[in-house]
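Enquirer: any chance you could fold what I've pasted below:
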Amino acid sequence: MRLGSVQHYASSFEFNRHRQNIDNAREIFLKQSFYDQSYADLELIVSENNLNNSVATTLFNWYYKKKETIPCHGKISKHSLAFFEQNYDFSLPEIDTVYESKKDRAVKFLFKLKDSHKVETVLIPFNNKYSICLSSQVGCAMNCSFCFTGEQGLKRNLATSEIVGQFLKAWRWLASNRPGEERILNIVFMGQGEPLHNFDAVKKACEIFLSQHGTSIGVQKITISTAGYIPGLKRWSQEIPGVNLALSLHSPFEEKRNELIPINKKYPLDEVLTYIDNIPLQKKQFVTYEYILIANFNDSSEDAKQLGMMLAGKSAYINLIPFNPFPGSRYISPDLDKVEKFKEVLDAFKIPTLIRGAKGDDVLAACGQLNSNNQTAFISQ
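Expert: Next comes the predicted model:
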């Protein structure tokens, strides 16, 4: 074969391969994600397509309980397998970068999504087990001044598949890199985004996590955090019963809270607390009030006293979180003795209060430090 013919053949081969890759990508985009389907959705799909009733259980067990990465080869017919292969996409978000804390073994993942947007997820270790902090949006619309994510602005909501995908890929990473430690017992929606601003996808993700046919996470092991987004709180009682709620409170004073959480101007704290007070709490269910302590801003004894008066008598827990700095932040963290004095005031109101230590702050993985636009792996302490 002449050189020109070889070059032409090679060029044609590369072109055809490139075209095939484009066609494959287009086909994936056109397919629905399997991981967007709740168990009830899957049962309906099976019924409408005259498949065996056991298919939904088999698939949920395979991909969620066993967390398999290969196509299902359990007790399921070739016809059923072909149907799902032709109509559903089983891909998950891609791990772009992994940051492992040298300080406390926390792990931060930067996930790349199909449209090249990125989100961050954190594994928080405790006694060879983990809590996982999930993101619900690319960026966030709340623009909270103490939170690095707020500087991104809101790019878009995450699909349910992109939320549950964070959990599954993190579990698989643990299985490969820390075998024997792949126990994620708690899920907190405290990553990037306002979860109640993406209510439908977060609700369906919870249904998948709670399903006895899948991951079987206990209802009291899931916590959803909100800055006080009232449209989501209005739907809470009827649509996500049993799941724990955490409110980013951060100040009992309207003026200070307006600075920290701008949506407080639209959804004032007294209205937010009224909606929360009307949520019927089940046995062992509780509301956590998150309080970021910022030096010389909201860490005085008067702040603590007003907070105690506001929450006294409620089924409440308080998490005190010393501010975690991030690049360009204008706030600083208070001294530990100031944090302890703040807690002492709250103790007088008999409200269970915990000082939450930072995990993964050396890789910008601590509370308020997530920002998928910023690839800084560490922050000077």
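Enquirer: pLDDT weak spots in this protein?
Expert: Low-confidence segments of the chain, defined by pLDDT under 70: 1-29, 358-381.
Enquirer: could you point out the longest strand in it?
Expert: When the chain is scanned for its longest strand (criterion: DSSP state E), the result is strand 118-126.
Enquirer: what strands line up against it, and which way round?
Expert: Applying DSSP bridges, strand 118-126 is found paired with strand 107-112 (antiparallel), strand 129-133 (antiparallel).
Enquirer: surely residue 134 meets residue 162?
Expert: No. The pair residue 134 and residue 162 does not pass the contact test of CB atoms under 8 Å, sitting 9.8 Å apart. All C-beta spots, glycine's among them, are computed from the backbone N, C-alpha and C.
Enquirer: nearest residue to residue 271 in space, please, no chain neighbours.
Expert: residue 230 (6.5 Å; CB to CB, 6 or more residues apart in numbering).
Enquirer: now for the one you found: which residues touch it?
Expert: The contact partners of residue 230, taken as CB atoms under 8 Å, 6 or more residues apart in numbering, are 267, 271-272, 275.
Enquirer: try 10 Å this time
Expert: With contact taken as CB atoms under 10 Å, 6 or more residues apart in numbering, residue 230 is in contact with 196, 263, 266-268, 271-272, 274-275.
Enquirer: ok so, going back, now the strands paired with strand 118-126 as JSON lines including distance to residue 310?
Expert: Converted to JSON lines, these look like this (distance: least, CB to CB, whole Å):
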{"stretch": "strand 107-112", "distance to residue 310": "34"}
{"stretch": "strand 129-133", "distance to residue 310": "26"}
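Enquirer: and those strands as CSV, adding distance to residue 320 and mean neighbour count?
Expert: Formatted as CSV, the strands paired with strand 118-126 follow (distance: least, CB to CB, whole Å; neighbours: other CB atoms under 10 Å):
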stretch, distance to residue 320, mean neighbour count
strand 107-112, 23, 21
strand 129-133, 18, 22
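Enquirer: and those strands: which comes nearest residue 326?
Expert: Closest to residue 326 of those, according to CB to CB: strand 107-112, at 13.0 Å.
Enquirer: how about the strands in this protein?
Expert: The residue ranges that make up the strands of the chain, judged by DSSP E, are 32-33, 88-89, 94-100, 107-112, 118-126, 129-133, 137-139, 154-157, 184-189, 222-226, 244-248, 287-293, 316-322, 353-355.
Enquirer: and stretch 311-326, how far apart are its ends?
Expert: Taking CA to CA, to the nearest Å, stretch 311-326 runs 30 Å from one end to the other.
Enquirer: okay, buried residues for that stretch please.
Expert: 311, 316-326 (16 or more other CB atoms under 10 Å).
Enquirer: and which of the residues you listed is nearest to residue 187?
Expert: Ranking these by separation from residue 187, with CB to CB as the measure, puts residue 319 on top at 16.4 Å.
Enquirer: partners of the closest one in the sheet?
Expert: residue 290, residue 354.
Enquirer: surely it touches residue 286?
Expert: No. Counting by CB atoms under 10 Å, no contact exists between residue 319 and residue 286, whose distance comes to 11.5 Å.
Enquirer: joint contacts of the two?
Expert: Overlap of the contact sets of residue 319 and residue 286 (by CB under 10 Å, 6+ apart) consists of 246, 352.
Enquirer: mind listing what the closest residue to residue 174 other than its chain neighbours touches?
Expert: Spatially, and ignoring its direct neighbours in sequence, residue 174 is nearest to residue 182 (4.1 Å; CB to CB, 6+ apart). Listed by CB under 10 Å, 6+ apart, the contact partners of residue 182 are 67, 129-130, 170-176.
Enquirer: separation between the residue at minimal distance from the centre of the chain and residue 168?
Expert: Nearest to the geometric centre of the chain sits residue 134, at 1.6 Å (CA atoms, centre = their mean). When CB to CB, to the nearest Å is the yardstick, residue 134 and residue 168 sit 11 Å from each other.
Enquirer: quick one: the helices in the stretch 51-200 of the chain, in order.
Expert: For the stretch 51-200 of the chain, the helices defined by DSSP state H, counting those that start in this stretch occupy 55-60, 78-87, 160-177, 199-210.
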